[in-house]
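J.: okay, sequence plus prediction incoming.
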Amino acid sequence: MTVTFSNNGLFLTRKVPFLLPAFLFAAAQCLAAVEAVSPVGGGTVALVPEAQKEVMSLPTLAERLALFAKDKASGKVLRDDPLWRKPLPFTLTWRTTGEEVGPWKVEIGKAPDLSDARTWFFPDSEPNADAGHHDVGPDGGTAAREVSRTIPMANLEVARDYYWRVSARIPCAPACGSRHRCKGGRRIVRSAIASFRTEDFAPRWIEIEGKAGNIRDLGGWRTADGRRVRQGMAFRGQGLNDNSLTGDVAGANRLAVEDVKYLAGTLGIRTDLDLRDERETAGMEESPLGAGVAFVQHSSECYKGIFGEAGKKAMAESFRVFCRPENYPIYFHCIGGADRTGSLAYVLLGVLGVDRHDIEVDWESTFYPRIPDASPDPDFWRRESHFNDGFAKYGEEGDSWNRRIERYLLDCGVTPEEIDAFRTIMLE
C-alpha cells in the first residue's frame with residue numbers, strides 16, 4: 001500500500017508494508033478510553049442458578065427428594081427461587097476513563113475477532129444524560145466511572161470461550177448544547193476485546209420474550225466416554241402456540257416478533273417437531289416460526305405410553321427426524337415441554353451415552369422445585385419410576401442404562417444405522 005506524508009513541506013508518496021493498518025488498529029485499541037473490567041482474562045461465568053446446581057449435584061433421586069422436603073419444612077428457600085428454568089443473569093462491567101458516555105454498544109461472540117458477535121445497545125444511566133449533562137470530575141472533565149449491564153437473553157453455551165467489547169462516545173462539549181451533534185460527540189471509542197469462559201455445567205437454558213418457556217439445549221452434557229453432546233443442534237421446550245380450544249382453529253401464537261428472529265434467525269431452527277395430537281394443533285401446517293421452518297407433527301406418548309405399540313411407533317417416527325442432517329437445528333416440543341417432550345429427550349440423551357444421573361436430573365429440572373416422584377401414589381402417571389420400570393426390561397444383566405435405551409429403540413423399529421447417524425450428528 002502507499003501512504004502520503006509531509007517532509008519539510010514536500011509531500012512524498014512511499015510504499016509501506018501492508019502491516020501498517022494492523023499496527024495502526026492495534027495502536028488505536030491501546031488508546032481506547034473504555035476498559036473491560038469483568039469478566040476478563042478468561043474468567044469463568046456461571047450459567048446455571050445455584051439452587052438448581054445444588055439439587056442436580058446430588059447423586060440419587062432419594063437425596064434430591066429429601067432436599068426439597070427439608071426445604072419445604074424450613075422456609076422454602078429453594079421453592080421461592082425465581083430462576084427455575086431460566087439462565088443465571090449475566091452481567092458485564094466496564095470502566096470509563098473520564099469522558100465516555102452511552103448509548104453503549106456491547107458485542108459478544110465466540111470468534112476472537114467478534115466476526116460472529118451478537119449486539120446489544122444500552123442507554124446511559126447518568127442523570128440528565130439525554131440533556132447532554134454529565135458528572136464532572138475534580139479536574140473539570142467528566143468523572144470516570146464503572147458501568148454494569150445485565151445482558152438480556154444472552155443464552156450462552158456451556159463450556160465455551162467467549163469474547164466481548166464495548167463501544168461508547170466522547171460527549172459533546174458543554175457549549176454544544178445538543179448531545180452527539182458536534183464533531184467531538186461523533187467520536188467512537190472501543191474497549192480492547194476481553195474474554196471469558198462459561199462454566200461446564202449443563203443444561204443450557206434458553207430465555208425468550210414470549211410465553212413459551214422451559215426451553216433448553218439438548219446439548220452440553222458429557223457422555224460416559226468423555227465426549228460432549230453438540231450444542232445449538234436440538235432444543236426442547238414448550239409449545240410455540242397454545243392448544244386449540246375448538247379442535248378446528250389453531251391456538252394463539254406464544255412468540256414475540258423478536259423471538260421468531262432469535263429462534264429462526266440466530267439459532268437457525270430449521271425443523272419444528274410438534275409432539276401434540278391433531279386435536280391440540282387443529283390441523284396446523286405451518287410452524288409459528290414461519291414458512292421457512294419445516295413443520296412436522298408426530299402425535300406422541302409419554303412415560304408408560306412410550307412402551308406400548310402406539311408409543312413405540314411414534315418414538316421411531318420422531319427419532320428419525322434427528323437422523324437427517326438437513327433437519328437441524330431442531331426445536332421439539334409438546335405443549336408444556338414436560339411429558340411427551342421429556343420422554344423423547346430422555347431417550348435421545350440415553351442413546352447418545354449421557355450418564356443416567358444426568359438424564360434423570362435433566363428430566364427432573366422441568367419440575368423443580370418439585371419432583372413428581374414425591375407423590376405418595378406409586379401409580380401416578382407422571383413419574384421417573386415409569387422410565388426405570390420400562391427400560392429395565394431391555395437388555396441383559398450387566399448392560400448399561402444407555403445400552404438398555406438403545407435396545408428399546410431397536411425394538412421400536414429404529415435401525416443401528418439410524419442410531420449411528422444420530423450419534424455422528426450430535427456428538428462432538
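T.: Sure, I can see it. Residues are numbered from 1 along each chain as shown.

J.: just say helix, strand or coil for V166.
T.: Assigned with DSSP: H, G, I helix; E, B strand; the rest coil, V166 falls in the strand class.

J.: and T150, what does it touch?
T.: Residues near T150 by C-beta atoms under 8 Å, 6 or more residues apart in numbering: 89-91. Glycine gets a C-beta too; all of them are placed from N, C-alpha and C.

J.: is it true that F121 touches I151?
T.: No. Counting by C-beta atoms under 8 Å, F121 stays clear of I151, with 11.3 Å between them.

J.: what do the two both touch?
T.: Common neighbours of F121 and I151 (criterion: C-beta under 8 Å, 6+ apart): V106.

J.: can you tell me the helix or strand for the residue nearest the centre of the chain?
T.: The centroid of the chain falls nearest to N155 when counting by C-alpha atoms, centre = their mean (3.2 Å). Under the criterion DSSP states H and E, no helix or strand holds N155.

J.: contacts only, for it.
T.: So N155 contacts 87, 204-207 (C-beta under 8 Å, 6+ apart).

J.: and which of the residues you listed is nearest to I419?
T.: Relative to I419, the closest of these is R204; by C-beta to C-beta it sits at 24.0 Å.

J.: I'd assumed R160 was in contact with the closest one.
T.: No. Contact criterion C-beta under 8 Å: R204 and R160 do not qualify, at 9.5 Å.

J.: find residues that contact each of those two.
T.: By C-beta under 8 Å, 6+ apart, the residues touching both R204 and R160 are Q231.

J.: higher neighbour count, the two?
T.: A count of neighbours by other C-beta atoms under 10 Å puts R204 above the other of R204 and R160, at 25 against 17.

J.: that one bridge partners, please.
T.: On the basis of DSSP bridges, R204 is bridged to D217.

J.: coming back round to it: nearest to T415, of the contacts of N155?
T.: Proximity of these to T415 (C-beta to C-beta) peaks at R204, which lies at 30.1 Å.

J.: what average pLDDT does stretch 255-262 get?
T.: When pLDDT is averaged along stretch 255-262, the result is 98.

J.: same question, stretch 351-359
T.: For stretch 351-359, the per-residue pLDDT averages 98.

J.: what's next to that stretch, contact-wise?
T.: Residues from elsewhere that reach stretch 351-359, judged by C-beta under 8 Å, 6+ apart: 59, 202, 221-225, 227, 229, 346, 349-350, 362, 401-402, 405-406, 409, 419, 422-423, 426-427.

J.: same check on stretch 250-266?
T.: By C-beta under 8 Å, 6+ apart, stretch 250-266 touches 118, 153, 208-212, 238-245, 269, 280-284, 288-290, 292-293, 331.

J.: of those, grab the buried ones for PyMOL.
T.: Buried residues within those, by 16 or more other C-beta atoms under 10 Å, are selected in PyMOL with:
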select buried, resi 153+208+210+211+212+238+239+240+241+243+244+269+280+281+282+284+288+289+293+331
